[in-house]
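J.: just coords:
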């Protein structure tokens with residue numbers, strides 16, 4: 001059971017608990033490495049299960065959540081016990097031993113307690129062992145992420161201690177790695193362990209023909225409920241053609257992302273293309289507001305009083321969710337088509353390392369930036385260029401692509417966001433702001449290989465009057481040793497006394513380049 005109060009002090013499990021462990025928490029097992037000429041790719045299909053199959057899918061996902069909660073409570077029990085014993089003055093050598101959180105250790109203990117634990121004894125046989133292994137693997141990964149974040153070895157935001165998952169908010173997902181996992185020859189069914197053959201909503205031809213031809217093999221399958229329906233994602237080791245090349249392999253394209261135009265593409269041959277922003281969410285906003293008012297006027301659920309939602313509320317909420325799902329599907333489809341077209345045409349693609357998280361703090365632009373999907377475009381361009389035999393160059397976050405003149409390479413001191421036309425003070429060039437940035441990004445690839453020494457060269461020092469192109473606020477936040485968390489503020493393998501951590505917070509990059 002999760003403790004109601006969090007105490008300070010104490011330590012956390014020793015380093016031997018997570019040494020020589022990969023991302024899945026398996027000690028001594030090497031990571032999977034695809035064969036030469038093969039890549040790991042996901043094939044996702046929508047499922048069309050009947051009532052019985054959907055109940056069994058939910059049961060498997062619920063079993064994964066229950067196993068996760070058990071693993072979290074089992075590991076954390078030793079942390080709290082050691083904290084209580086230390087408060088009574090018991091020496092460290094006599095404290096309760098640490099409980100390891102590796103996947104092998106969790107799986108071994110779980111297989112012993114599931115026979116007698118009242119939380120599992122009556123129903124654990126109904127689901128595949130892969131469901132429980134999914135929850136235990138997620139718990140092992142959660143503790144690994146927490147430990148790495150505490151040591152400063154994990155990028156991004158600080159990761160807190162693992163917490164139990166609620167059945168009301170947890171995502172329904174389950175992963176299968178062993179057993180009968182296959183795509184049926186009729187191309188309309190998939191087979192999963194303990195679930196049998198489930199009909200798919202779409203044809204599985206694109207995967208089945210590769211498996212039949214011997215150019216692909218299934219590694220694992222993950223079922224997930226999202227956007228109102230069930231999906232299955234096959235992780236496949238697939239052979240890709242080694243002689244694939246973009247249509248214009250010697251052409252460099254600079255891609256500048258924006259709100260008005262989703263992307264401005266300028267290549268090294270002087271061609272410029274504007275891709276308008278479809279604005280799927282803005283187009284559906286009026287409809288969503290009307291449906292949200294309808295939902296608000298009906299009797300919804302209340303967990304505090306135990307009130308159940310009315311049937312009219314359930315129907316109205318389902319109608320509103322369908323609009324959200326349609327917007328998300330249209331956005332994903334549009335981004336895939338855009339990135340596929342870019343990577344299939346150009347041999348080198350230059351994109352910016354935008355601070356999307358900082359941009360989302362701008363309340364006036366957050367909705368449009370989130371709808372555009374800047375981060376997803378960069379992610380897709382990165383792996384699709386590798387698939388197509390191209391090259392992806394990432395421009396530095398502080399590279400002044402919008403402030404640099406694409407003709408004479410002079411850098412402006414300031415260029416406010418509302419100024420949409422770039423006017424050069426040196427050569428009197430007048431050009432669209434986004435087009436100018438895209439041309440500078442395209443020129444960056446040439447500067448990277450030739451080393452021109454101008455502002456576009458990554459190694460060159462561009463003028464920075466008053467630091468206008470890079471504003472950084474450095475602060476020091478105090479983090480005392482008593483953090484109020486179970487297990488204490490320091491890991492035992494660190495052993496040094498840390499009084500505070502220094503980290504720098506960078507101001508959000510609100511200017512869209």
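T.: Looks like it came in fine. Remember, it's a predicted structure, so these values are computed and weren't measured experimentally.

J.: residue 52: neighbour count?
T.: For residue 52, the count of nearby residues is 9 (other CB atoms under 10 Å). Where you see a C-beta, it was placed from the backbone N, CA and C, and this is true even at glycine.

J.: do you know how far it is from residue 229?
T.: Distance of residue 52 to residue 229, given as CB to CB, to the nearest Å: 17 Å.

J.: what is the burial count for residue 181?
T.: 19.

J.: how much space between it and residue 240?
T.: 22 Å.

J.: for the chain, just list every one of the strands.
T.: For the chain, strands defined by DSSP state E occupy the ranges 38-46, 173-176, 182-183, 189-192, 196-199, 216-226, 229-239, 248-257, 261-267, 272-276, 346-352, 391-395, 421-423, 430-432.

J.: out of those, which is the most enclosed?
T.: Highest mean neighbour count among the strands of the chain (mean count of other CB atoms under 10 Å): strand 346-352, with a mean of 25.

J.: one step back: dump the strands of the chain into a markdown table; add distance to residue 57 and mean pLDDT as well.
T.: A markdown table is the format used below for the strands of the chain (distance: least, CB to CB, whole Å; pLDDT from 0 to 100):
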| stretch | distance to residue 57 | mean pLDDT |
| --- | --- | --- |
| strand 38-46 | 13 | 92 |
| strand 173-176 | 8 | 96 |
| strand 182-183 | 18 | 95 |
| strand 189-192 | 9 | 96 |
| strand 196-199 | 8 | 96 |
| strand 216-226 | 6 | 95 |
| strand 229-239 | 6 | 95 |
| strand 248-257 | 38 | 93 |
| strand 261-267 | 36 | 94 |
| strand 272-276 | 39 | 94 |
| strand 346-352 | 38 | 94 |
| strand 391-395 | 38 | 92 |
| strand 421-423 | 54 | 92 |
| strand 430-432 | 51 | 92 |
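
J.: check contacts around the closest residue to residue 261 other than its chain neighbours.
T.: Excluding its sequence neighbours, the residue lying closest to residue 261 (CB to CB, 6 or more residues apart in numbering) is residue 274, at 5.0 Å. Shown in contact with residue 274 (CB atoms under 8 Å, 6 or more residues apart in numbering): 261, 264, 434, 435.

J.: figure out which of the strands of the chain is closest to residue 365.
T.: Nearest to residue 365, of all the strands of the chain, is strand 248-257, at 12.5 Å by CB to CB.

J.: now the helices: where do they sit in the chain?
T.: 51-87, 103-113, 129-151, 205-212, 280-296, 311-345, 356-359, 366-372, 374-387, 433-450 (DSSP state H).

J.: residue 340: what's it in contact with?
T.: So residue 340 contacts residue 384 (CB under 8 Å, 6+ apart).

J.: returning to that earlier point: against residue 432, how distant is the residue nearest to residue 261?
T.: Taken as CB to CB, the span from residue 274 to residue 432 is 9 Å.

J.: and for those two, which residues touch both?
T.: With CB under 8 Å, 6+ apart as the test, residue 274 and residue 432 both reach residue 264.

J.: show me where the stretch 101-250 of the chain dips below the pLDDT cut-off.
T.: Applying pLDDT under 70 to the stretch 101-250 of the chain picks out residues 243.
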